[in-house]
Structure formats: C-alpha cells, structure tokens
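*Asks:* pasting the sequence and the predicted model now:
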Amino acid sequence: MTNATAPAETEAREMTLQNLGEFPEGQKVLSCMQCGTCAATCPYGEVMDYPPRQIITMLQAGLIEEVFKSHSLLNCVACYACMAKCPRGINLTEVLLPMVKEQMFATLTDVPAELQKALQNTLRYGNPMGESPRKRALWTKTSPVPVPIMAEIKRPVDVLWFVECYTSFHPRGQDNSRATAKLFHAAGIDFAILGNEEKCAGECARLVGEAGLFETLTDYNMMLLRKYPFKRIVTGAAHAYDAFKYQYSTVGFDFELHHTTPFFAQHLEKLKPRLTKKLDYTVTYHDSCCLGRHNGFYDAPRALLGAIPGVKLVEMTHTGVNSICCGGGGGGMWLDTYYAAKGYERLSDRRVKEALDTGADVLAVSCPYEISRFEDALKVLGADKRMVVRDVVELLAEAMED
Ligand code: SF4
Ligand code: SF4
C-alpha cells in the first residue's frame, strides 16, 4: 500500500503551488532529494519534458510557468508509479501533479479534441461517452438476474452498487455489470443501483486537471448518495473507488466502501459452491494502477481466479507494484489519438505484448477501462485470436453453471 491518506488530500484542497511550504504535505514535496526515481519509473518519462523531479526543481526556481507551457503533464496517465516508488513518500500522483495539471489546464488553449469532447460530455450528460442519462440503466433489461433500482424499491438495502459509466454504457462494460449482478445474487447480497440518477464519479476529470468539473460531480453524487438508505457502497470501477476513498472523503463521504474484487474475495466461501464449471484457461492477471499500486489489492483478484476450477494462473514479468499501466488513467482514455500523433507507443500495446509472452490465453483485469483498451491493443497487434480479455467477475460468472 502506498502512502496516500485522506488527511493529506484534505490539506491539498487548501494548499496551492504557491504556498506549499506552509503545509506538512507541501513541505514533503519540497523535501525532494532529486534522486530521479520518479522520472525513471514513469512509463512516459522518456517523452516528458518535465517529469516530477524536474517539476519540483522548476517550482523551487520560480519557473513553474514553463512547465504549464510545455503541456508536459498531458503525458501523465496517473499511474501512481512515481508516488509508489518515491523514497521521500511524496504524494506525487495524488497531490502535487493534480495541482500542476489544474493550473496547466487553465492555460491550455489547444486541449486535444478527444479529451475535450469527453470532458464536455461528462459535464453535459454525466458520462464521457455522451450517452443519454436516460439510458444509463438500460443494460439491466438484459441482466440474467433482477437488478433493483433505489428509486423504485423505496427501501433500505445492504449494498448500494455504484455502477459507473463504462460499465453502464460500453457493450463490454455491460458484460461486466451483468456478471457482477449474477455474483451479488450468488453471494446472497441485498443490493440496488442508482439507475439513471447516477453520474460519473469524475476521478479522471480531476486527474487530468479539470478540478471544477470534478467538484460539480462530487457535489451531485454526494447529494444523491445522501438521498437513499444503505449500509455500504460497492463499485467495480477502480477510478470511482479511488475518488470516493481519497477525494469524496474530504467532503463528507464516510460510507463503508468496497471494490467488487476484494468484496467478492471476502465472500468467496459463499461463491465457491456455485463455481462448478471447469474453465480450462491459462490466465494472466494485470494489476491495475488504482487497485494495485494505489490500494494494495494484489491478493484478492488472484484468490478469486485461483478458486475457479481449471484455471491455471501465470504471471507477467511486471506485476504488483511494478505493473505496467494500461495508459487509461488521468485522462489517458481520451488521449490515444494525441499520443499516436506524437509517435508514442501506446501503453496498452506495451502491456499486452508482455501478457502474450506468458503464453496465457486469457488476460484478466479488475478495472472496466482495461477491457476495451486491451481488446483494442490485441486487435492492433493482430493477436485477438490468441488471447481474450476478461474481468475477474466475468470469469467467476462464467464458472457458474446456472
Ligand atoms: S522520487 Fe521523490 S525524492 Fe526522488 S526525485 Fe522524484 S520526487 Fe524527488
Ligand atoms: S503518475 Fe505515472 S505517468 Fe504520471 S508522472 Fe507519475 S509515473 Fe509518470
């Protein structure tokens, strides 16, 4: 687990680049010993004009405007690698870089078109795809099990399932949601969703520098969460999990919170009797940046995969804290065209090549962004017949015969 803590982020709300030295968290930033670990560990470090180490130098020299002008941090995909490795424990990804990005974003006159569209869609429709909010719960009509909606059932539930955007609208994300619903039923969990009322949790907007949009979404979702009675929140969206845990907590979010992967690992004994179908797959698991480096959930997904009859688990060269980012965080989902125009290798391609090297036929994930990113990378590499991408919950649901 990394050094991120909610109090640090509380502080970050009041701290600015200009008054860092007045806050313990800011003093930590200024304690940088220029070791260069952050630059060396950054997946886009070689193409970044100003990696974290240099940003701190520029800040101390009063030259931070140069960093804004370079648009350097559009290459930051918020992978938490620099933060996890910094020997000074500086909260780079969570605290310093969002502050720099926010000011950079305010001066950016040529926001990449795909990113701009996603942010506009999020503001207007509550999801980056620009889908109608009225269709958010449409996937429930094709669920193999009933999916109750809070506004309709009008009673308290044990689990409020925050579905999020890709898992509501993207066809492969909807597969993930149908599998999750099946697992809730199999584990005997009393659950419901927010349905069409739900909006994006906004974490990627924040991490790309759109703090205003993130605050708008935070205010809306907090109002919505307070409207309904429930005991705990479960979400399969790793970025929403992070937003709730580290950011919403600064504005009163005090609900018990779980990500689906560790949640179902806690309920594994209830699920095991239902895992009766043998899946003869060789599976390699990708540790996502949010669940892995940021929150330390390395064992839970592997415990779930290990409980599926027939599954053989093999590991990639880079796992755990050293996992290679899929490139989708911090706005990276909507920067592929921008990166391609600059001639950068897509991080999802880099990761998929490593997955293929294991000889596995399934690449398992626990973050909804990764399914579409890795499936696309497999197609680009001409390897989509050799390997498929499945969320851990999809594999569990597949191993249930009814
Ligand atoms: S890893 Fe930490 S201490 Fe080392 S240069 Fe980067 S910010 Fe400074
Ligand atoms: S969070 Fe990741 S992408 Fe961003 S600067 Fe740090 S190592 Fe690089």
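*Replies:* Okay, I see it. Numbers count the residues shown, from 1 in each chain. Ligands and ions are numbered 1, 2, ... in the order given.
*Asks:* can we go C-alpha only for contacts and neighbour counts from here?
*Replies:* Fine.
*Asks:* any idea which helix or strand comes after the one helix or strand in the chain whose mean pLDDT sits lowest?
*Replies:* Least confident helix or strand of the chain, by mean pLDDT, DSSP states H and E, is helix 6-14 with a mean of 51. Downstream of helix 6-14, the next assigned helix or strand under DSSP states H and E is helix 24-30.
*Asks:* list the helices and strands whichever helix or strand comes after that next one packs on?
*Replies:* The first helix or strand that comes after helix 24-30 along the chain, using DSSP H and E, is helix 37-41. If contacts are counted by 3 or more CA pairs under 8 Å, 6 or more residues apart in numbering; DSSP states H and E, helix 37-41 sits against helix 52-60, helix 81-85.
*Asks:* near ligand 2, which residues of the stretch 201-350 of the chain show up?
*Replies:* By the rule CA under 6 Å from any ligand atom, no part of the stretch 201-350 of the chain lies against ligand 2.
*Asks:* pLDDT wise, what is residue 16 at?
*Replies:* Here the pLDDT value assigned to residue 16 is 86.
*Asks:* start the count at 85, not 1, going forward
*Replies:* That works, and once the first residue is 85, the last one we named lands at residue 100.
*Asks:* next, the contact list for it, please.
*Replies:* Neighbouring residues of residue 100 by CA atoms under 8 Å, 6 or more residues apart in numbering: residue 183.
*Asks:* and of the helices and strands packed on helix 121-125, who's closest to residue 196?
*Replies:* helix 136-144 (22.0 Å; CA to CA).
*Asks:* packing partners of the closest one?
*Replies:* helix 108-114, helix 121-125, helix 148-154.
*Asks:* out of those, which gets nearest to ligand 1?
*Replies:* helix 121-125 (4.1 Å; CA to the nearest ligand atom).
*Asks:* domain-wise, how is the protein divided?
*Replies:* 90-191, 197-350, 358-482 (automatic domain parsing).
*Asks:* touching ligand 1 at all, the shortest one?
*Replies:* Yes - Domain 90-191 comes into contact with ligand 1 (CA under 6 Å from any ligand atom), by way of 116-122, 136-137, 170-172, 174.
*Asks:* quickly find the element holding the most centrally placed residue in the chain.
*Replies:* Taking CA atoms, centre = their mean, the centroid of the chain lies closest to residue 323, which sits 3.1 Å from it. Here residue 323, judged by DSSP H and E, is contained in helix 322-326.
*Asks:* now that helix - C-alpha only, PDB.
*Replies:* Extracted in PDB, the C-alpha atoms of helix 322-326 (Å, rounded to 0.1, in the frame of the first residue of the first chain):
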ATOM      1  CA  ALA A 322     -11.500   1.300  -9.800                       C
ATOM      2  CA  HIS A 323     -11.300   5.000 -10.500                       C
ATOM      3  CA  ALA A 324     -14.700   5.600  -8.700                       C
ATOM      4  CA  TYR A 325     -13.300   3.700  -5.800                       C
ATOM      5  CA  ASP A 326     -10.300   6.000  -5.600                       C
END
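*Asks:* right, I'll call it a day here.
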